[in-house]
Each structure stands twice: as structure tokens, then as C-alpha cells.
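In: below is the sequence, then the predicted model.
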Amino acid sequence: MSLIELITVVAIVAILGSIALSTYRNSVIRSNRAEAAAALLRIQVAQEKYFLSANEYAETLDELNMEDSTERDLYTLELADIDDPTRFTARATAINGQADDTACPVLSIDETGRRTPSPVDTPCWR
């Protein structure tokens, strides 16, 4: 094998490796979003249960006996729009390793089930 052939092989392997690594990283980021989506849906269910007994939504995650971050500490969780006791928005914000998710850094869901960013317009909730 000549030096030119060896350099060509190394270049091809490097290109394929960079493509594979990028694809892998995107897959990890997408799968981590599922953790945030699941946490937000759990908050929504807990809020509806709370509303049935108190006739208002909880103002804090503590009232729902829920943590303020996801299991693997990839998203912070918070309740917003709590000034009106008949409304809430649960929000998950990417942190730590998931902060590289520039496509969907924040996911949220409200009392009507409206999700943002919109699942129709973006792959954030898929």
C-alpha cells in the first residue's frame, strides 16, 4: 500500500467517523427530549388530579410532590403562569449535556394540553 492510498483510507475513515458521531449525538439529544416530554406529561396529570381536589392548580412542584429536574438532570422543571389558579404552564429547560439541543431548548405544556414548540411544526415532541 502506498502512502497516497493510506492517506486516502485515513481520510475516508475520518469522514465516515465524523458523520457517525454527529448522527449518534443527534439521536442521543432526541432521546433525551423524551425524558422531558414524559416529565411534563406527568406534571400535567398531577396538576389535573390536584385541580380535582382543590379546584385550582398547584403553584409549585412541591405541592405536587415532584422534583424540579428530570431523573438524569438534563432538564429543569418549573411551573409558570400561576397567577391565575385556573391556568398553568409546565416548562422543561435543557441543562447540562442537553444544553447542546439548540433545536428544542425549552418544552412546555399548559392546562389545555397545548404543547410548545408545536408538535406539528417541530420534531421536539416526537
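Out: Sure thing, it's come through.

In: so which residues of the protein form helices?
Out: For the chain, applying DSSP state H gives helices covering 3-54.

In: where does it have low pLDDT?
Out: Within the chain, the ranges that satisfy pLDDT under 70 run 120.

In: give me the number of residues near the nearest residue in space to residue 71 that is not next to it in sequence?
Out: Leaving out its chain neighbours, the residue that sits closest to residue 71 by Cβ to Cβ, 6 or more residues apart in numbering is residue 35, at 6.6 Å. Heads up, the C-betas are built off the backbone N, CA and C, glycines and all. Other residues within reach of residue 35, judged by other Cβ atoms under 10 Å, total 16.

In: isn't residue 35 up against residue 73?
Out: No: using Cβ atoms under 8 Å, residue 35 is not in contact with residue 73, being 10.0 Å away.

In: for residue 7, see how far away residue 13 is.
Out: Distance of residue 13 to residue 7, computed by Cβ to Cβ, to the nearest Å: 11 Å.

In: neighbouring contacts of stretch 44-52?
Out: With Cβ atoms under 8 Å, 6 or more residues apart in numbering as the test, stretch 44-52 has contacts from 56-58, 63-66, 88, 90, 109, 111, 113.

In: in it, what counts as buried?
Out: By neighbour count on 16 or more other Cβ atoms under 10 Å, the buried set for stretch 44-52 is 44, 46-47, 50-51.

In: hmm, residue 70 is touching residue 37, no?
Out: No: using Cβ under 8 Å, residue 70 makes no contact with residue 37, being 10.0 Å away.

In: find residues that contact each of the two.
Out: residue 92.

In: from residue 25, how far off is the residue lying closest to residue 65 once chain neighbours are set aside?
Out: Beyond its immediate neighbours in the sequence, the residue positioned closest to residue 65 (Cβ to Cβ, 6+ apart) is residue 46, lying 7.7 Å away. Between residue 46 and residue 25 the computed distance is 32 Å (Cβ to Cβ).

In: perfect, that will be all.
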